[in-house]
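# Give me a 3D structure for the following:
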Amino acid sequence: MSPVPLIFWIVALAHTVLAVCPRPPEIPLATADVQKEEFNIGEEITYHCNPGYVPYSGARRYTCPWSGRWPIVTFRCIPKKCYYPGHLENGVTEHSDLTYQSSIRFSCHPGYILQGKETAQCLADGKWSEKLPKCQPVACPPPPVSEFGALSYRKRVPGNVSVFQDVIEFECLPPLALFGNETAKCLASGNWSELPECRSVECPYPEQIENGFINFALRRTYKYKETVQYGCNPPYELDGASESSCEKTGTWSMKPACRASCAIPVKRATVLYNEQKLKVQDHLRDGIKHGETIWFFCKNKEQQCSYTVPSQCIDGTLSVPACFKERGWFSTLVKTDVADMTPCENIS
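Just a heads-up that it's a prediction; the model follows:
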């Protein structure tokens, strides 16, 4: 054998025997399972994502080739994602990301207090470092009302504790009057809105009414909400409520008036009264009371029919419609009463 080929064969054999792969390339967010400086041909390594990261692309396993050079490593990892922690009732959840090592911040709306941690971090296992907190309503202390005082209150919602937006209702012990709001609300600050107060109120002796009287009224001052009853002398009628009460302004509520009855200013006529046809001369000699209404019958000469026109008694005054024609005694014997004619509304 020629010495030259032999030398080349020896060099190639030595190179083959001595070929090794160096330390594998470092990959961001990942680590090879075997860590050493040299790898023999045919040895394998496997990349694993670091805690908190998951595979995204590329092959994990690589083999040291005859060339002694590692192939291009395409393996890549990305941060692991945590689940959305959930809706914070009466609060706000602030975050820009939900991946490993990112943080989330919790806060409550005005009137609520955070129970739990203000922040949580996404951990390597894909879970949050803290549980979802709760927003509890601010509590208000009992209002500064003496147990035996004139001002008392009651809650609209049962329970021993008053919280944000709860409402309480106030009342004063008789005969005191309540001034201010009848309710107070528990505010976001933990304080109550403005409370009312109780004051003593007196009304002077009530005024008399014309043509009337006050029932059994003692001549004295009256306390808040005390009442008196009014009445009218015959034949007057009461117009308005018979009762008047002492109000918190120190004045009386609106008092009634006594109104006069009305005489019907015709001697003979048939009218409608309380949905009945009645003759004035027979049934309505005493007239009608204030506020009552009668209907006069008028004649439509063109259609030879009748129609009614109302007239109401207002404090002794009753007007007769211009269309009404009073009939004399003889006319009642020979002519048909307008009230007995066919109603115009029945003529097509």
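# what pairs with the host helix or strand of Gln136, and is each one parallel or antiparallel?
In the assignment (DSSP states H and E), Gln136 maps to strand 134-137. Using DSSP bridges, strand 134-137 pairs in its sheet with strand 112-115 (antiparallel).
# if we can go back for a sec, need the next SSE after the strand holding Gln136, C-terminal direction.
Scanning forward in sequence from strand 134-137 by DSSP H and E, the next helix or strand is strand 139-140.
# For that following strand, which outside residues touch it?
161-164, 166, 186-187, 190-192 (Cβ atoms under 8 Å, 6 or more residues apart in numbering). Placement of C-beta: from N, CA and C, glycine included.
# Quick one: residues contacting the most centrally placed residue in the chain.
For the chain, the residue nearest the mean C-alpha position is Gln165 (11.8 Å; Cα atoms, centre = their mean). The contact partners of Gln165, by Cβ under 8 Å, 6+ apart, come to 111, 137, 185-186.
# cutoff 7 Å now
Taking Cβ atoms under 7 Å, 6 or more residues apart in numbering as the contact definition, Gln165 lies against 111, 185-186.
# re earlier: which one of the contacts of strand 139-140 sits closest to Ser102?
The nearest member of those to Ser102, counting by Cβ to Cβ, is Phe164 at 31.9 Å.
# Nearest to Glu210 among the contacts of strand 139-140?
Lowest distance from Glu210 to those (Cβ to Cβ) belongs to Trp192, with 49.5 Å.
# Could you list everything Thr119 pairs with in the sheet?
Arg105.
# I'd say it and Arg105 touch.
Yes: Thr119 is in contact with Arg105 according to Cβ atoms under 7 Å; the separation is 5.3 Å.
# hmm, back to that, give me the phi and psi for the residue nearest to the centre of the chain.
phi 80, psi 0 (degrees, to the nearest 10).
# Please enumerate the helices of the stretch 201-348 of the chain.
Applying DSSP state H, counting those that start in this stretch to the stretch 201-348 of the chain gives helices spanning 280-283, 331-334.
# Would you mark the buried spots in the first one?
Of the residues in helix 280-283, Val280 count as buried by neighbour count, 16 or more other Cβ atoms under 10 Å.
# Give the buried residues for stretch 136-146.
Neighbour-count burial for stretch 136-146 [16+ other Cβ under 10 Å]: 137-138, 140, 143, 145.
# mind checking the end-to-end distance for stretch 65-81?
36 Å (Cα to Cα, to the nearest Å).
# With stretch 182-197 instead?
End to end - Cα to Cα - stretch 182-197 spans 9 Å.
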